[in-house]
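J.: coordinates only, sequence not included:
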């Protein structure tokens, strides 16, 4: 008679656990490496705002090890501890550009989400026919507007805005930014609404609600995570937009990206000032992302972002 090993199952379990642990270790190692790669530009920008010129040129990276941090970048903006409570024309200019970016980005993103949600709801619930175009063709038509490079639209918008007296105005930027991000919002929200069962609206209509009533009271609360995800995406795109802001503004409506790109002098690029400005421009998006994190995750999990 042959004897059966009594530790065979336990050895198999240990081998399975070892493979599972190794796979997890590889996955989390890759994710940790990717996290460092993604966060490195932010770290580099922040540390550069505290560097002197030789530290920037030499590529010193670690504060108090490779270089002694100074407030030079923030002092050039009037935002250092010794200048924050004194009058500063540069700080006033920065706050003006910051306010312009805030109004333009928030206004255009909110308007794009409102208009895009209504368009997407119509495309997901009703059948349309425009010549040879049907709902899928109309949806693709909106998305195809992103194919055109911005430089192609530069001259038409410049002439149009001059005729409408919208050059160097915030309302002009809001309208233009709304047009640029509207196709993305429509595409995202169309998928979001298609994932919501039609039976919910049918039940609301049976209870006496109108189409608009069902849309506002039933559909929008369910689609809120997707709307927030679309709003965040539109906000990031409009906040960082540079080409049209540089083309269509001069003094009154100039935004932060234009101010960041202008940090050049007779001796070259003021990297410390540019880094401080960039960090100040990044921070609002970071704060908004942290505050609305749960909505972004829900929107991604429900298919709002693909």
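T.: That came through, no problem. Here the structure is a predicted model, which means the values were calculated and not measured.
J.: nearest spatial neighbour of residue 133, skipping sequence neighbours?
T.: By the measure of C-beta to C-beta, 6 or more residues apart in numbering, the closest residue to residue 133 outside its immediate chain neighbours is residue 141, 6.8 Å from it. Just so you know, the C-beta spots here come from the backbone N, C-alpha and C atoms, and that holds for glycine as well.
J.: part of a strand, is the one you found?
T.: No - Residue 141 is assigned helix when assessed by DSSP: H, G, I helix; E, B strand; the rest coil, not a strand.
J.: And for it, the neighbour number?
T.: Residues lying near residue 141 (other C-beta atoms under 10 Å) number 12.
J.: With residue 159 instead?
T.: Considering only other C-beta under 10 Å, residue 159 is surrounded by 10 other residues.
J.: That one sits in which helix or strand?
T.: helix 150-164 (DSSP states H and E).
J.: returning to that earlier point: against residue 122, how distant is the residue nearest to residue 133?
T.: 14 Å (C-beta to C-beta, to the nearest Å).
J.: quick one: the helices in this structure?
T.: 8-48, 53-58, 72-75, 89-125, 135-144, 150-164, 170-194, 198-206, 211-214, 220-239, 243-248, 256-261, 271-291, 293-301 (DSSP state H).
J.: could you dump these to JSON lines with distance to residue 82 and mean pLDDT?
T.: Output for these, formatted as JSON lines (distance: least, C-beta to C-beta, whole Å; pLDDT from 0 to 100):
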{"stretch": "helix 8-48", "distance to residue 82": "19", "mean pLDDT": "85"}
{"stretch": "helix 53-58", "distance to residue 82": "20", "mean pLDDT": "83"}
{"stretch": "helix 72-75", "distance to residue 82": "7", "mean pLDDT": "87"}
{"stretch": "helix 89-125", "distance to residue 82": "13", "mean pLDDT": "93"}
{"stretch": "helix 135-144", "distance to residue 82": "51", "mean pLDDT": "82"}
{"stretch": "helix 150-164", "distance to residue 82": "41", "mean pLDDT": "91"}
{"stretch": "helix 170-194", "distance to residue 82": "33", "mean pLDDT": "92"}
{"stretch": "helix 198-206", "distance to residue 82": "60", "mean pLDDT": "87"}
{"stretch": "helix 211-214", "distance to residue 82": "57", "mean pLDDT": "86"}
{"stretch": "helix 220-239", "distance to residue 82": "30", "mean pLDDT": "90"}
{"stretch": "helix 243-248", "distance to residue 82": "32", "mean pLDDT": "93"}
{"stretch": "helix 256-261", "distance to residue 82": "22", "mean pLDDT": "90"}
{"stretch": "helix 271-291", "distance to residue 82": "15", "mean pLDDT": "87"}
{"stretch": "helix 293-301", "distance to residue 82": "35", "mean pLDDT": "67"}
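J.: and residue 64, which of the ones you listed is closest to it?
T.: helix 8-48 (10.8 Å; C-beta to C-beta).
J.: Spatially central residue for the chain, please.
T.: In the chain, the centroid-proximal residue (C-alpha atoms, centre = their mean) is residue 236; its distance is 2.5 Å.
J.: need the contact list for it.
T.: Each residue near residue 236 by C-beta atoms under 8 Å, 6 or more residues apart in numbering is listed here: residue 285.
J.: before we move on, what about residue 16?
T.: With C-beta under 8 Å, 6+ apart, residue 16 has no contacts at all.
J.: I figured residue 192 hits residue 226, correct?
T.: Yes - assessed by C-beta atoms under 8 Å, residue 192 is found in contact with residue 226 at 3.5 Å.
J.: And stretch 177-190, how far out from the chain middle?
T.: Relative to its chain's centre, stretch 177-190 lies at 13 Å (C-alpha atoms, centre = their mean, to the nearest Å).
J.: same thing with stretch 181-191?
T.: Worked out by C-alpha atoms, centre = their mean, stretch 181-191 lies 14 Å from the chain centre.
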